[in-house]
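>>> mind looking at a prediction? Sequence and model below.
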There are 2 protein chains.
Amino acid sequence: MGSVLDQAGITAAALALVSKKGYDGLTMAALAKSLGVAPSALYNHVGSKDDVLRLVEEDLMSQVDSSVFASLPWEEAVKAWAYSYRDIFSAHTPLISVIAVLPVTDAPQTLAMYEAVTEGFLRAGFPEDRIIPCIVALEAYIFGAAFDATAPADIFDSGKLAESTPHFTAAVRSLGPVNYPSDLAFRMGLDALVAGFGALRGS
Amino acid sequence: MGSVLDQAGITAAALALVSKKGYDGLTMAALAKSLGVAPSALYNHVGSKDDVLRLVEEDLMSQVDSSVFASLPWEEAVKAWAYSYRDIFSAHTPLISVIAVLPVTDAPQTLAMYEAVTEGFLRAGFPEDRIIPCIVALEAYIFGAAFDATAPADIFDSGKLAESTPHFTAAVRSLGPVNYPSDLAFRMGLDALVAGFGALRGS
DNA sequence: GAGATAAATGAATGGCATTCATTTACTGAA
DNA sequence: TTCAGTAAATGAATGCCATTCATTTATCTC
């Protein structure tokens, strides 16, 4: 044996590469180079590039703060968890298309997060059969919001077509200098989801 | 002139190709072949493959039903619009990563949709400066839910790690035979968002 | 009919993930 | 100490991809 490579090392190198060059720079060749190894050597440890993305996902999932469910009341815990989840994945949106569709089997960190969140919901008095739908809805919102967070500030600039969309253009203008209110929108939507779901709790 | 190709034809061919072979099958070579033309000929009409994706996006946006805002009360209109939006894009998730970040300038169909939705919110009594944040939050939710809708039914199968995640595993089991409740979750989240945002309306 | 212009061609380029036959280096048993 | 087995790394090759470019073809205008 005596291998230079292992999954932990590959994961760390992939994360470093992504933070330095972005997901466009995450190629098997670049990853191998950063590990001082030939590209084909990676295939002794991962089956494909998608495997690398899965390793990165697992690492990120373990960074999502689900400990808040043990220390805060449910409303605050959900919000803190959601912010943490979104903040982490807004820097990793290319992963979302991969993971949103990925079975959770063999993803221990991801499962651990779901377990902590589920426990938090149970402790807050949710009926067991409503918990997964709530989590699914919250995750959908979080993933969508992660994309938003990376959008350019002028995404809603209607340009030449402003005259044909007067109400929309006025609504955008009314926001003032910051015309892409990603953070305000995230807070508003999260508040609405938490308020709506909170009503499902048993007494 | 007398060109075999134009943007409408390219858009139609791209949509046909996607519905037949999926987004993996949407290559410039395959697109050109389906149009009876050499791949390089496409570049006289579009600047890049991303341009093709933008054309497809515009076409899909025009299919989203925003006419409901003219005929239904606000709550029902938002829900009908959201369902239509999600249903269309759940078959086109690879576009989401592109468009969620894309400026709306020079996207007339997309702008027309935003204008119709904005008018619906105004008519329902929303303060002008809350409308865009509401739309942003709803869109985030819709895009995220579009990913969910394509997930496999057994995405939450915890497999060998079931014993270490007892609460989560039980919550999944309590859902019964269908263990990925994408539709239920979408309805629940949408109801919560609509209820929460509806409270912002002026009297 | 001449010249301009728009459009299509086919050959090239460079990057990409992945495969595979081969070699290297280490292990544990005789 | 030798030798066989094995895990890991190598480098060359494959096939697909988007994109570019010099060149040709066809059409329209004067």
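Thanks, I have it. Note that the coordinates shown come from a computational prediction; the quantities given were computed from them, not determined experimentally. Residues are numbered from 1 along each chain as shown, chains lettered A, B, ... in the order given.

>>> with just CA atoms, put the helix or strand bottoming out on mean pLDDT in chain A into CSV.
Of all helical and strand segments in chain A, the minimum by mean pLDDT, DSSP states H and E falls on helix A:93-99, at a mean of 92. Presented in CSV, the C-alpha positions along helix A:93-99 are these (Å, rounded to 0.1, in the frame of the first residue of the first chain):
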residue,chain,number,x,y,z
THR,A,93,-24.2,26.0,-6.3
PRO,A,94,-22.8,23.6,-8.9
LEU,A,95,-23.1,20.9,-6.3
ILE,A,96,-26.8,21.5,-5.9
SER,A,97,-27.8,20.0,-9.2
VAL,A,98,-25.9,16.8,-8.2
ILE,A,99,-27.0,16.4,-4.6
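
>>> can you give the distance of it from its chain's centre?
Mean-position distance between helix A:93-99 and its chain equals 8 Å (C-alpha atoms, centre = their mean, to the nearest Å).

>>> in it, what counts as buried?
Neighbour counts over helix A:93-99 (16 or more other C-beta atoms under 10 Å in any protein chain shown) mark A:93, A:95-97, A:99 as buried. Where C-beta positions appear, they are placed from N, C-alpha and C, glycine not excepted.

>>> residues contacting the residue nearest the centre of chain A?
Nearest residue to the geometric centre of chain A (C-alpha atoms, centre = their mean): residue A:89, 3.2 Å. For residue A:89, the contact set (C-beta atoms under 8 Å, 6 or more residues apart in numbering or on different chains) comprises A:60, A:95-96, A:142-143, A:146.

>>> quick check: it vs residue A:145, distance?
9 Å (C-beta to C-beta, to the nearest Å).

>>> quick one: which helix or strand includes residue A:131?
In this structure, residue A:131 sits in helix A:128-149 according to DSSP states H and E.

>>> please see if that helix touches chain B.
Yes. Remark: helix A:128-149 sits within contact range of chain B at A:128-134, A:136-145, A:147-148, by C-beta under 8 Å from any C-beta of the partner chain.

>>> that helix relative to helix B:128-148, how many degrees between them?
Taking axes from the mean of the first three to the mean of the last three C-alpha atoms, to 10 degrees, helix A:128-149 and helix B:128-148 form an angle of 110 degrees between their directions.

>>> what about the residue of chain A most remote from its centre, distance to DNA strand C?
Relative to the centre of chain A, and counting by C-alpha atoms, centre = their mean, the farthest-placed residue is residue A:163 at 36.9 Å. Taking C-beta to the nearest atom of the strand, to the nearest Å as the measure, residue A:163 and DNA strand C are separated by 28 Å.
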